[in-house]
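Colleague: pasting the sequence and the predicted model now:
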Amino acid sequence: MTKKYLLVCEGPTDIVILNKIAEHLGGKIVEISPAKDATSNTYPPQGWTEVKNWCMRHGKLKTKGNPLEFYMRMHKADGLIIQIDTDIANFIKFEGQGGVPGDKAWCSNAIDQWLGTNSGLATTHYILTTQSTEIWIVATYSNTRLGLPANSLKDYETIADPQLQLVQLGYAVEKGVLKKSEKQYRMPKYAPRIIEHLSKAKYRSMELKKFIDLF
């Protein structure tokens, strides 16, 4: 049976990667935020603050019972996936204190607070990519390709800057940083490469394996 999940995430490149993996596993992703504009066929600007706004807005919907469950039933979905990159943990503040970039627990607690009393549903899943979803692309490369001794690095989520790592591997650059676009991430060395090396990559990134296990 096809698993169907609603998706709230930061932007179009995340959607391309998550969609590609879900399709490969026989599942279906329905992006609800950001949603593609029907006229321009493009996504609006989005980031972690928009994910926060969506959570706070829909966590307070006036419905009988949990509004998130109501929302999932309305879309006939098996669950809701909320994805943010944890490299922005330092911008998420509680009582004036920010987290440490890459801190999953801090980001998970933040989403709980954004959803308020409607957090904790078994059908709501947080995918908190360490630093960014680019870590899943990096996880397709061997230690030696990353310039490390063979078998010296098991947990790729400890890599501090996966986007810089991709630049060092020869990925396209724009204005001094990794070039990112929906079109770019459909190219063979981006999302499709994750599929090609999925059996290895999932054991190098536990968050990737967590996403795979949903299907």
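Modeller: Nice, I can see it. Nothing here was measured: the structure is a model prediction, and the numbers come from that model.
Colleague: Ile84 reaches Cys9, doesn't it?
Modeller: Yes. Ile84 is within contact range of Cys9, at 7.2 Å (criterion: Cβ atoms under 8 Å). For glycine as for every other residue, the C-beta is placed from the backbone atoms N, C-alpha and C.
Colleague: where does Asn128 land in three-state SS?
Modeller: I think there's a mix-up here, since residue 128 is Leu and not Asn. Following DSSP: H, G, I helix; E, B strand; the rest coil, we place Leu128 in the strand state.
Colleague: how many other residues sit next to the closest residue to it other than its chain neighbours?
Modeller: Excluding its sequence neighbours, the residue lying closest to Leu128 (Cβ to Cβ, 6 or more residues apart in numbering) is Lys104, at 4.5 Å. Look at Lys104: counted by other Cβ atoms under 10 Å, it has 18 neighbours.
Colleague: likewise for Gln184?
Modeller: Gln184 has 18 nearby residues by other Cβ under 10 Å.
Colleague: how about the contacts made by Lys36?
Modeller: Thr42, Tyr43 (Cβ atoms under 8 Å, 6 or more residues apart in numbering).
Colleague: okay, Gly59: pLDDT?
Modeller: You'll see Gly59 listed with a pLDDT of 69.
Colleague: no wait, Pro192
Modeller: 97.
Colleague: what residues are shared contacts of Ile84 and Cys9?
Modeller: Val51.
Colleague: in which helix or strand would I find Ile32?
Modeller: Per DSSP states H and E: Ile32 is located in strand 28-33.
Colleague: name every strand pairing with that strand and say which way it goes.
Modeller: strand 4-8 (parallel) (DSSP bridges).
Colleague: which SS class is the residue most central in space within the chain?
Modeller: Centroid-nearest residue in the chain, with Cα atoms, centre = their mean: Gln83, separated by 4.1 Å. Following three-state DSSP, Gln83 is assigned to strand.
Colleague: what's the answer for Lys200, then?
Modeller: Per three-state DSSP, Lys200 ends up helix.
Colleague: number of nearby residues for the closest residue to it other than its chain neighbours?
Modeller: Spatially, and ignoring its direct neighbours in sequence, Lys200 is nearest to Thr140 (7.1 Å; Cβ to Cβ, 6+ apart). Thr140: 19 surrounding residues under other Cβ under 10 Å.
Colleague: now Thr140: how far from Leu214?
Modeller: According to Cβ to Cβ, to the nearest Å, Thr140 stands 20 Å off from Leu214.
Colleague: just Val16 next, same as before
Modeller: 18 Å.
Colleague: quick one, which of these two is more surrounded?
Modeller: Remark: of Val16 and Leu214, Val16 carries more neighbours, 22 against 16, as counted by other Cβ under 10 Å.
Colleague: any idea whether that one is helix, strand or coil?
Modeller: Classification of Val16 by three-state DSSP places it in helix.
Colleague: surely it touches Glu182?
Modeller: Yes. Contact criterion Cβ under 8 Å: Val16 and Glu182 qualify, at 5.7 Å.
Colleague: buried residues in the helix or strand of the chain with the lowest mean pLDDT?
Modeller: Within the chain, no helix or strand scores below helix 67-74, which has a mean of 80 by mean pLDDT, DSSP states H and E. Residues of helix 67-74 classed as buried: Pro67, Leu68, Tyr71, Met72 (neighbour count, 16 or more other Cβ atoms under 10 Å).
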